[in-house]
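Engineer: I'll drop the sequence and a predicted model, then ask my questions.
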Amino acid sequence: MTKSNERKLTIARAMAEATAQEMRIDPSVFVMGEDIAALGGVYGNTRGLLDEFGPERIRDTPISETAFIGAAVGAAQDGMRPLVELMFVDFFGVCFDAIYNLMAKNIYFSGGNLKVPMVLMTSTGGGYSDGGQHSQCLYGTFAHLPGMKVVAPSNAYDAKGLMTAAMRDDGPVVYMYHKGLQGMGWLGTEAGATVHVPEESYTVEIGKAKVVREGREVSIVSVGMGVHNALKAAKKLEEKGVSAEVVDLVSLVPLDRETIRASVAKTGRLIVVDEDYHSYGLSGEVIASVTEHDISVLKAAPKRVAFPDVPIPYARVMEQFCLPNPDKIVAAWEEMGTLQPV
Amino acid sequence: MAPTRDEQHWMYRNMVTSRRFEETIAKIYFEGKTPAFNMANGPIPGEMHLSDGQEPVAVGVCAHLTPEDVVTATHRPHHQAIAKGVDLDKMAAEIFGKATGLSGGRGGHMHLFDADVNFACSGIIAQGMGPAVGAALSRKMQGKPGVAVAFVGEGAVNQGGWHEAMNLAAVWNLPFVCVIEDNAWGISVAKSAATAVPTNDVRAAAYGIPGERVEGNDPFAIYEAAGRAIARARAGEGPSLIEVETYRLAGHFMGDAEGYRPEGEKDGLFEKDPIPAMRARLLKDGAASEEQLATIETEAEARVEEAIKFARESVDPAPEDALTRVFAA
Ligand SMILES: Cc1ncc(C[n+]2csc(CCOP(=O)(O)OP(=O)(O)O)c2C)c(N)n1
Ligand SMILES: [Mg+2]
């Protein structure tokens, strides 16, 4: 790709573009959620859709998540392909039955006779002092429960392709985008998330991880914002003469265990970076994927850099203390080295 | 029953304190956020939902409450916290994320908790309802005095949790009052686009309890309606529902461009600003002199300045304190 035909998009715009392209070719796709019409979504990911598709297909909802997510399940089973937004993933508490008992299970309960082609998109992540009900990731919570695919893009290219793939999937996909990667200036923005995005429609395979940086001595595995922290840490490690590989999971369900195992088999060391809570989650699952498969590839005990098991505090100094960051990843490497020198 | 002269002065004082507080917070909120507005920066980071214009609801209701009564609030809690008597120094410090804050910086502006005056918040829409109903239940079971009031926005009445809590309060005949602040908007969605009935007082019929609608953001009318509902609750006659028409003079949160508002709506609202209106009424009724009002205003302003100074000068929490207070001591 040459510089001259680069078309950099934010994740927000990439999501909206994928949605619009799919809506143009598939009349069964419609969007509902809070503040997704005139406002274009609090995080900009439905901007422009109301103007093009009108209020019949771009529906602002009451603050009634149980009703409209349940309604999406019913509509999906009846021939529509709804894209619904849960504004902050933290709000899942008021509507989880519609998600994990209906959306996630109805295909199975019907013995595979039903399709539930719907996408639940939801914002994740903190770092901007929004407090403990507006800053969580909850990757593990969603990924734990069977029946739904779960994806989490780290950049706009993947964001567009994953959205298209999710909308074409005949089962439910939870699409978890990170607020700090959206490209909304008012949330601060990770520049690395805004990348070249082809104009035409395309898909990114759900269930396939990507090695986003090749390395030889340690595999840093993460998703979403964690990928950017991992890449920054890899740079710092390079300055110390350490060659780190970075794996972007892209998809949590299905989890691409093969790519994780191949990377760790090569490097012999594993650090998992997760902005979700430390225990019972993504980081443990990734480590188990390696250890239960072939523990002999490991030259050191795996490490995780995750959010401690406490509610997310408001005060900046406290929240930043808890969040993963590149320095913590470098420190994890250093501890690994001293614990078990090669 | 109309508010006494003292109560009127108290109401005006709290309205002015609340407004001065919000104006000061609004100014400080932009520190460190210009020229590029990034919520993460400045002495007050995160979302900020101001209550400008909604003060009459807080004072009209809280004028009937004592510290032992329970109040739950929402993501927009400052006016109610002030009227309920939450410690203003500690509240300001919490909003600044300081160690001296109500929760030592763990909560923030959407999570103000002051056990001394039985005040709590939730940033999840309608989720103040259950805890308020539970407090009312607890008072009834323990034979302790006190009522519980849940403040919610008009957008909250479309949550399942709201209906469940209303029914529970009614079927158990609890000392509970739900006060709906109808500012006509839930972020960018107009009430008329989200709610199937024009006014929510009629929903009381679904629970067999009294429902009232108060028009005009009028602190006196709110005082009277709240007085009836709270007296009923105190007398053991069960819950009530009140919906108050009020005005959101600010954006949903700070930084909201408010492009969804019909043109001119804001100007019309500012003309109906309840604070100058109450001031004029106090003077016209002879309930307060110009001098008395000026004193109240000066004192309110000084109180706010003091609280903000306390917050600014307080130290940050120790970062590792984030790991403490997760479980009961
Ligand atoms: C369960 C849940 N859904 C959505 C939100 C996001 N949200 C925060 S405030 C708000 C609008 C609330 O409107 P209303 O209840 O009228 O209160 P107001 O903001 O007008 O004071 C929404 C949708 C939330 N906090 N919780
Ligand atoms: Mg409202």
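Structural biologist: On my side now, so go ahead. None of the values given here were measured: they were computed from a predicted structure. Ligands and ions are numbered 1, 2, ... in the order given.

Engineer: Residue B:25: which element?
Structural biologist: Assigned by DSSP states H and E, residue B:25 belongs to helix B:5-29.

Engineer: Now for chain B, the helix or strand with the poorest mean pLDDT.
Structural biologist: helix B:265-271 (a mean of 95; mean pLDDT, DSSP states H and E).

Engineer: Give the other helices and strands that the following helix or strand past that one contacts.
Structural biologist: Proceeding N to C from helix B:265-271, the next assigned helix or strand is helix B:274-284, under DSSP H and E. The contact analysis (3 or more C-beta pairs under 8 Å, 6 or more residues apart in numbering or on different chains; DSSP states H and E) places helix B:274-284 against helix B:5-29, helix B:55-62, helix B:219-234, helix B:290-313. The C-beta positions use only the backbone N, C-alpha and C, and glycine is treated the same way.

Engineer: hmm, back to that, which parts of the least confident helix or strand of chain B are buried?
Structural biologist: The neighbour-count check on helix B:265-271 (16 or more other C-beta atoms under 10 Å in any protein chain shown) flags B:266, B:269 as buried.

Engineer: Point out where the chain drops to low pLDDT.
Structural biologist: Just going to use chain A. Residues of chain A meeting the criterion pLDDT under 70: A:1-4, A:338-342.

Engineer: burial of the residue in it that ligand 2 sits nearest to, as a residue count?
Structural biologist: The nearest approach of chain A to ligand 2 comes at residue A:63, 9.4 Å away (C-beta to the ion). Residues near residue A:63, counting by other C-beta atoms under 10 Å in any protein chain shown, number 26.

Engineer: Need the three-state assignment for it.
Structural biologist: coil (DSSP: H, G, I helix; E, B strand; the rest coil).

Engineer: got a list of what it touches?
Structural biologist: A:34, B:125, B:126, B:155, B:156, B:158, B:159, B:186, B:194 (C-beta atoms under 8 Å, 6 or more residues apart in numbering or on different chains).

Engineer: how about a cut-off of 6 Å?
Structural biologist: With contacts defined as C-beta atoms under 6 Å, 6 or more residues apart in numbering or on different chains, residue A:63 is in contact with B:125, B:155, B:158, B:159, B:186.

Engineer: Would you check how far apart it and residue B:188 are?
Structural biologist: 12 Å (C-beta to C-beta, to the nearest Å).

Engineer: For residue A:202, which non-adjacent residue is spatially closest?
Structural biologist: residue A:161 (5.3 Å; C-beta to C-beta, 6 or more residues apart in numbering or on different chains).

Engineer: For that neighbour, give me phi and psi.
Structural biologist: Main-chain torsions, residue A:161, degrees, to the nearest 10: phi -70, psi -40.

Engineer: how close does it get to residue B:23?
Structural biologist: According to C-beta to C-beta, residue A:161 and residue B:23 sit 47 Å apart.

Engineer: Which one's more surrounded, these two?
Structural biologist: A direct count of neighbours by other C-beta under 10 Å for residue A:161 and residue B:23 places residue A:161 higher, at 23 against 14.

Engineer: Contact residues of chain B facing chain A?
Structural biologist: By the rule C-beta under 6 Å from any C-beta of the partner chain, the part of chain B lying against chain A is B:37-40, B:45-47, B:97, B:105-108, B:110-111, B:123-125, B:155, B:158-160, B:186-189, B:194, B:255, B:260, B:316-317, B:319, B:322-323, B:326.

Engineer: Now a ChimeraX select for only the buried ones of the residues you listed.
Structural biologist: Buried residues within the residues of chain B next to chain A, by 16+ other C-beta under 10 Å, are selected in ChimeraX with:
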select /B:38,39,40,45,46,47,97,105,106,107,108,110,111,123,124,125,155,158,159,186,187,188,189,194,260,317,319,322
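
Engineer: tell me, which of the residues of chain B next to chain A make contact with ligand 2?
Structural biologist: B:155, B:186 (C-beta under 5 Å from the ion).

Engineer: Keep only those of the residues of chain B next to chain A that are in strands.
Structural biologist: B:186, B:189 (DSSP state E).

Engineer: out of the residues of chain B next to chain A, which are inside helices?
Structural biologist: B:160, B:194 (DSSP state H).

Engineer: May I ask which two of the contacts of residue A:63 are separated the most?
Structural biologist: The span of the contacts of residue A:63, defined through C-beta to C-beta, is set by B:159 and B:186 at 10.7 Å.

Engineer: And the strands in chain A?
Structural biologist: A:8-9, A:29-33, A:58-60, A:81-88, A:119-124, A:149-151, A:173-178, A:195-196, A:210-213, A:218-222, A:244-248, A:251-253, A:270-277, A:303-307.

Engineer: Which neighbouring elements make contact with the second one?
Structural biologist: Spelled out, it's strand A:29-33. strand A:81-88 (3 or more C-beta pairs under 6 Å, 6 or more residues apart in numbering or on different chains; DSSP states H and E).

Engineer: List the contacts of residue A:190.
Structural biologist: Neighbours of residue A:190 in contact, by C-beta under 6 Å, 6+ apart: A:180, A:181, A:228.

Engineer: what does residue B:8 give?
Structural biologist: Applying C-beta under 6 Å, 6+ apart to residue B:8 gives the contacts residue B:287.

Engineer: Which residue, neighbours along the chain excluded, lies closest to residue B:292?
Structural biologist: Distances taken as C-beta to C-beta, 6+ apart place residue B:9 nearest to residue B:292, at 7.2 Å, with adjacent residues excluded.

Engineer: Sorry, slip of the keys, the one I care about is residue B:23.
Structural biologist: Closest to residue B:23 by C-beta to C-beta, 6+ apart is residue B:52, at 7.7 Å.

Engineer: check contacts around the one you found.
Structural biologist: Listed by C-beta under 6 Å, 6+ apart, the contact partners of residue B:52 are B:22, B:249, B:250.

Engineer: ok, the closest residue to residue A:215 other than its chain neighbours - contacts?
Structural biologist: The shortest distance from residue A:215 to any non-neighbouring residue, by C-beta to C-beta, 6+ apart, is to residue A:245 (3.5 Å). Counting by C-beta under 6 Å, 6+ apart, residue A:245 touches A:214, A:215, A:219, A:263, A:267.

Engineer: I am assuming the last one contacts residue A:218, so please confirm or correct that.
Structural biologist: Looking back up the chat, that one is residue A:267. Yes. Residue A:267 is within contact range of residue A:218, at 5.3 Å (criterion: C-beta atoms under 6 Å).

Engineer: Check what pLDDT residue B:329 gets.
Structural biologist: Residue B:329 carries a pLDDT value of 88.

Engineer: distance of it from ligand 2?
Structural biologist: 37 Å (C-beta to the ion, to the nearest Å).

Engineer: if you count what's nearby, which of residue A:267 and residue A:218 comes out ahead?
Structural biologist: residue A:218 (28 against 22).

Engineer: pretty sure that one contacts residue A:272?
Structural biologist: No. Contact between residue A:218 and residue A:272 fails when scored by C-beta under 6 Å: they sit 11.2 Å apart.

Engineer: Now flag whichever of the contacts of residue A:190 is closest to residue A:166.
Structural biologist: Closest approach to residue A:166 among the contacts of residue A:190 (C-beta to C-beta): residue A:181, at 16.9 Å.

Engineer: residues from the stretch 101-250 of chain B in reach of ligand 2?
Structural biologist: So the stretch 101-250 of chain B meets ligand 2 at B:153, B:154, B:155, B:183, B:185, B:186 (C-beta under 5 Å from the ion).

Engineer: for the residue nearest to residue B:118 when sequence neighbours are not counted, what are its contacts?
Structural biologist: Spatial nearest neighbour of residue B:118, excluding adjacent residues (C-beta to C-beta, 6+ apart): residue B:70 at 4.4 Å. Applying C-beta under 6 Å, 6+ apart, we find residue B:70 in contact with B:118, B:135, B:148.

Engineer: Okay, now the unreliable bits of the stretch 51-200 of chain B?
Structural biologist: Using pLDDT under 70, nothing in the stretch 51-200 of chain B is flagged.

Engineer: where do the strands sit along it?
Structural biologist: B:70-73, B:119-121, B:148-153, B:176-182, B:185-186, B:189-190 (DSSP state E, counting those that start in this stretch).

Engineer: Between the ones you listed, which one is closest to ligand 1.
Structural biologist: Ligand 1 lies closest to strand B:148-153 among those, at 2.2 Å (C-beta to the nearest ligand atom).
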